[in-house]
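>>> with the input below, show me the fold.
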Amino acid sequence: MFDNAMSERTDDPKEEIRRYLAYKDTDVAMLHRYPLVKNSFLNLTCRTCSSAPVECLFSFANLILRPNRLSMTDASFEKLLLLPRYKYLCLCKYF
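Below you'll find the model as predicted:
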């Protein structure tokens, strides 16, 4: 069954996607034929369930939103809360 699948492998992503889209089988096991598509599928659909990042964000929000900052606008709160995370992830080129 998988002998044929091994012979179809290619390093060209466009060709692999064309073959994947043209393939008529809808069984998840067919992903073994397309390793690049399979890796993308697993990365996009299989995430670890963890509440730690969310808990960290709420904890940090409690440090920002103090009684003396209750008049802060939503935009300012969002910037104070999220910009350090963007800096950490290198999403903002100005930091």
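>>> domain ranges for the chain?
Per automatic domain parsing, the domain ranges recorded for the chain read 2-45, 52-89.
>>> with mean neighbour count and mean pLDDT added, can I get those in a markdown table?
Every C-beta, even on glycine, is put in place using the N, C-alpha and C of the backbone. Shown next, in a markdown table, are those (neighbours: other CB atoms under 10 Å; pLDDT from 0 to 100):
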| stretch | mean neighbour count | mean pLDDT |
| --- | --- | --- |
| domain 2-45 | 12 | 77 |
| domain 52-89 | 11 | 82 |
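>>> how close does the residue of the chain most remote from its centre get to Lys79?
Ranked by distance from the centre of the chain (CA atoms, centre = their mean), the top residue is Asn68, with 36.3 Å. Asn68 is 18 Å from Lys79, where distance means CB to CB, to the nearest Å.
>>> over to Met30?
Applying CB to CB to Met30 and Lys79 gives a distance of 46 Å.
>>> how about the helices in the protein?
2-7, 13-22, 35-45, 52-64, 74-89 (DSSP state H).
>>> quick one: the residue lying closest to Tyr23 once chain neighbours are set aside and Asp12, what's the gap?
Distance criterion CB to CB, 6 or more residues apart in numbering; nearest residue to Tyr23, sequence neighbours excluded, is Met30 at 6.3 Å. As judged by CB to CB, Met30 and Asp12 stand 19 Å apart.
>>> for Val28, same thing?
Taking CB to CB, one finds Val28 at 23 Å from Asp12.
>>> same question for Phe58.
45 Å.
>>> where's Leu70 relative to Phe58, distance?
17 Å.
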